[in-house]
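Undergrad: got a predicted model here, sequence first, then my questions.
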2 protein chains.
Amino acid sequence: MENNNTAQTILNVAQDIVRNRGYSAFSYADIAKQVGIRKASIHYHFPGKEDLVKKLVEQYREGMAKACDRIARSNAKPQDQLLAFANLYRNGLAEHKICLCAMLAADFAVLPDSIQAEIRVFFQDTATWLASLLQTGCDAKVWDCSTTVEQDAQGLIAMLQGAQLLSRSAINGDAIFEQMVYPLLQAKFAQV
Amino acid sequence: MENNNTAQTILNVAQDIVRNRGYSAFSYADIAKQVGIRKASIHYHFPGKEDLVKKLVEQYREGMAKACDRIARSNAKPQDQLLAFANLYRNGLAEHKICLCAMLAADFAVLPDSIQAEIRVFFQDTATWLASLLQTGCDAKVWDCSTTVEQDAQGLIAMLQGAQLLSRSAINGDAIFEQMVYPLLQAKFAQV
DNA sequence: GTCTATACGAGGATAGAC
DNA sequence: GTCTATCCTCGTATAGAC
């Protein structure tokens, strides 16, 4: 995944910054410094902050959709697919990156409408995909569905994002996935 | 809980703003407008943003500790105490307020060290209290402990905070507690 | 304690040269 | 496409009068 064009380099750098510091605390100056160009040059590619971040979320959605698709196409067992999904969040954390949309969810109140809309789509898509996976495991009697799969899907997403945020301010830090997330998944979605 | 003194009024207003917009997106100008004084006057009470927010988290910790203590002293059944704890998060949401420390956890990377430390204490205290409650329910055979209470406590806090953030960007919005959190609690911590 | 006035830098954005 | 130069606004903070 090379990026010889400047626009994509800007997006990559911007994503890193937003996933670490949030929407309000990142600036064109930060990007310019890391990319090695001037602030004004960024405005050529992205007229305003809103354009940039909107594109950022769009790309992030596509990446997430592809990652989920890859998991689904692996034809692995449902419980392994669930683990692979959780690992998406843990792997980001290993590079000190929070889910882009988790960060933007915290900044939601200050975001332009067009960006809010993109984020809603992200969560809707992700929850739908996960609910479908949970249903598959349900049908295959891999785990028991005492609640609806939609509820469980939302709950899992909430927990995974909460775990990412906690990892930076809790004592166990990055180990929160090993110490908390995986054991809980194991307990709730154990093979029957 | 009256507040005849300016310092407390500033803190109250600041808390509302931070819990809605986060650390980076709030300013002395915002507070000044809502309190009805000038920016400079705020600096008299709180020399810098760091002083103000540090005090904010300290007070928030105390409030949370008192709320938890009230729940514990109620001598209600463990499952009702757990529900009361979850309601702390839902009630905040009803006023469109996210947990202060959940918002600051997202802003963690840009916070001064002294504030980061306060937040760590908050999560540690909260997790400790909740783990103790879970243990009580465990001992009383109210629910089953397939994982350790420390893991469950952290998982619950992660989910509750994730649910608060999701509530603003998910379709079900405020109803996320009725539709997701409570059913999941019921499923996992059902009476045996 | 609160005010006015002010300093200073940072952030977003544009114009125009190259 | 990228640069320099510049504009304007906002945010934090201080000095000094009342």
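TA: Yep, it's here.
Undergrad: can we go C-alpha only for contacts and neighbour counts from here?
TA: Noted.
Undergrad: and chain A, which residues reach DNA strand C?
TA: By the criterion of CA under 7 Å from any atom of the strand, the positions of chain A lying close to DNA strand C are A:24-30, A:39-40, A:43, A:47-50.
Undergrad: out of those, who's near DNA strand D?
TA: Contacts with DNA strand D within the residues of chain A next to DNA strand C, counted by CA under 7 Å from any atom of the strand: A:39-40.
Undergrad: need the residues of chain A next to DNA strand C in JSON lines (columns: secondary structure, pLDDT and neighbour count).
TA: As requested, those are arranged in JSON lines below (DSSP: H, G, I helix; E, B strand; the rest coil; pLDDT from 0 to 100; neighbours: other CA atoms under 10 Å in any protein chain shown):
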{"residue": "A:Ser24", "secondary structure": "coil", "pLDDT": "98", "neighbour count": "18"}
{"residue": "A:Ala25", "secondary structure": "coil", "pLDDT": "98", "neighbour count": "16"}
{"residue": "A:Phe26", "secondary structure": "coil", "pLDDT": "98", "neighbour count": "17"}
{"residue": "A:Ser27", "secondary structure": "coil", "pLDDT": "98", "neighbour count": "14"}
{"residue": "A:Tyr28", "secondary structure": "helix", "pLDDT": "98", "neighbour count": "17"}
{"residue": "A:Ala29", "secondary structure": "helix", "pLDDT": "98", "neighbour count": "14"}
{"residue": "A:Asp30", "secondary structure": "helix", "pLDDT": "98", "neighbour count": "14"}
{"residue": "A:Lys39", "secondary structure": "helix", "pLDDT": "98", "neighbour count": "16"}
{"residue": "A:Ala40", "secondary structure": "helix", "pLDDT": "98", "neighbour count": "13"}
{"residue": "A:His43", "secondary structure": "helix", "pLDDT": "98", "neighbour count": "14"}
{"residue": "A:Pro47", "secondary structure": "coil", "pLDDT": "98", "neighbour count": "12"}
{"residue": "A:Gly48", "secondary structure": "coil", "pLDDT": "98", "neighbour count": "12"}
{"residue": "A:Lys49", "secondary structure": "helix", "pLDDT": "98", "neighbour count": "16"}
{"residue": "A:Glu50", "secondary structure": "helix", "pLDDT": "98", "neighbour count": "15"}
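Undergrad: the helix or strand bottoming out on mean pLDDT in chain A vs chain B: in contact?
TA: Every helix and strand of chain A was ranked by mean pLDDT, DSSP states H and E. The lowest is helix A:182-188, at a mean of 92. Yes. Residues of helix A:182-188 are located near chain B by CA under 8 Å from any CA of the partner chain, namely A:183-184, A:187.
Undergrad: check which element follows the lengthiest helix in chain A along the chain.
TA: Ranked by residue count, the top helix of chain A under DSSP state H comes out as helix A:113-139. For helix A:113-139, the succeeding helix or strand toward the C-terminus, using DSSP states H and E, is helix A:149-169.
Undergrad: does that next one reach chain B?
TA: Yes. Contact of helix A:149-169 with chain B (CA under 8 Å from any CA) involves A:151-152, A:154-163, A:165-166, A:168-169.
Undergrad: follow-up on the earlier one: closest one of the residues of helix A:182-188 next to chain B to DNA strand D?
TA: DNA strand D has its nearest neighbour among the residues of helix A:182-188 next to chain B in A:Leu184, at 39.5 Å by CA to the nearest atom of the strand.
Undergrad: is the closest one in contact with B:Gln151, as I believe?
TA: Yes. Contact status for A:Leu184 versus B:Gln151: in contact at 7.5 Å, counting by CA atoms under 8 Å.
Undergrad: tell me the buried residues in the least confident helix or strand of chain A?
TA: Of the residues in helix A:182-188, those buried by neighbour count under the rule 16 or more other CA atoms under 10 Å in any protein chain shown are A:182-184, A:188.
Undergrad: for chain A, which residues are neighbours of DNA strand D?
TA: Counting by CA under 7 Å from any atom of the strand, chain A sits next to DNA strand D at A:6, A:36-42, A:44-45.
Undergrad: returning to what we had before: want to throw the residues of helix A:182-188 next to chain B into CSV with distance to B:Gln135?
TA: Putting these into CSV (distance: CA to CA, whole Å) gives the following:
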residue, distance to B:Gln135
A:Pro183, 17
A:Leu184, 16
A:Ala187, 17
